[in-house]
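J.: Show me how the following folds:
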Amino acid sequence: MTKAREVAQRRVARVLRGRKEPHGKELTDESILRGVDVDASGIVQLWIQPTHPHCPCCIDDLISLRELISGQSGVLACHIEVVGIPHSDRWTAAVNE
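T.: The predicted model follows:
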């Protein structure tokens, strides 16, 4: 494991630990956070299934989460893939633009 990957993993874990989605559930709940990957250079990918797929506050929360993770030292970039909801490709594009 590279040093960059190790640092990025710790930073992402710190951000995700204790964070709640807008409707009160822990973001790290298995029904919401479907996967996390940190590559050797510090690029983070998250797979997230929002609890309320038609709620604008959920998309705003994902945008702020991406910005927060991207701003961590040791994290080169962050990409959030929205999964398990209708039009997830649109959500993914909106969150990562």
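J.: which SSE is the residue nearest in space to the middle of the chain in?
T.: The chain has Leu46 as the residue nearest its centroid, 4.4 Å off, counting by Cα atoms, centre = their mean. With elements taken from DSSP states H and E, the one containing Leu46 is strand 43-48.
J.: That strand pairs with which strands, and in what direction?
T.: As defined by DSSP bridges, the strand partners of strand 43-48 come to strand 33-38 (antiparallel), strand 77-82 (parallel).
J.: List just the one of the ones you listed that sits closest to Trp91.
T.: Closest to Trp91 of the strands paired with strand 43-48 is strand 77-82 (Cβ to Cβ; 3.8 Å). From N, CA and C alone the C-beta is placed, and that goes for glycine too.
J.: related to what we said a few turns ago, so for the helix or strand just after the strand holding Leu46, mean pLDDT?
T.: Sequence-wise, the next helix or strand downstream of strand 43-48 (DSSP H and E) is helix 56-70. Averaging pLDDT along helix 56-70 gives 95.
J.: Tell me which residues of helix 56-70 come out buried.
T.: Cys58, Ile59, Asp61, Leu62, Leu65, Arg66, Leu68, Ile69 (16 or more other Cβ atoms under 10 Å).
J.: Between strand 43-48 and it, find me the angle.
T.: Between helix 56-70 and strand 43-48, the angle comes out at 160 degrees (axes from the mean of the first three to the mean of the last three Cα atoms, to 10 degrees).
J.: name the helices or strands packed onto helix 56-70?
T.: helix 3-16, strand 43-48, strand 77-82, helix 88-96 (3 or more Cβ pairs under 8 Å, 6 or more residues apart in numbering; DSSP states H and E).
J.: Let's have these in TSV, adding distance to Gly24 and mean pLDDT.
T.: Shown next, in TSV, are those (distance: least, Cβ to Cβ, whole Å; pLDDT from 0 to 100):
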stretch	distance to Gly24	mean pLDDT
helix 3-16	16	92
strand 43-48	16	97
strand 77-82	19	97
helix 88-96	20	95
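J.: looking at the ones you listed, which is closest to Leu27?
T.: Leu27 lies closest to helix 3-16 among these, at 5.9 Å (Cβ to Cβ).
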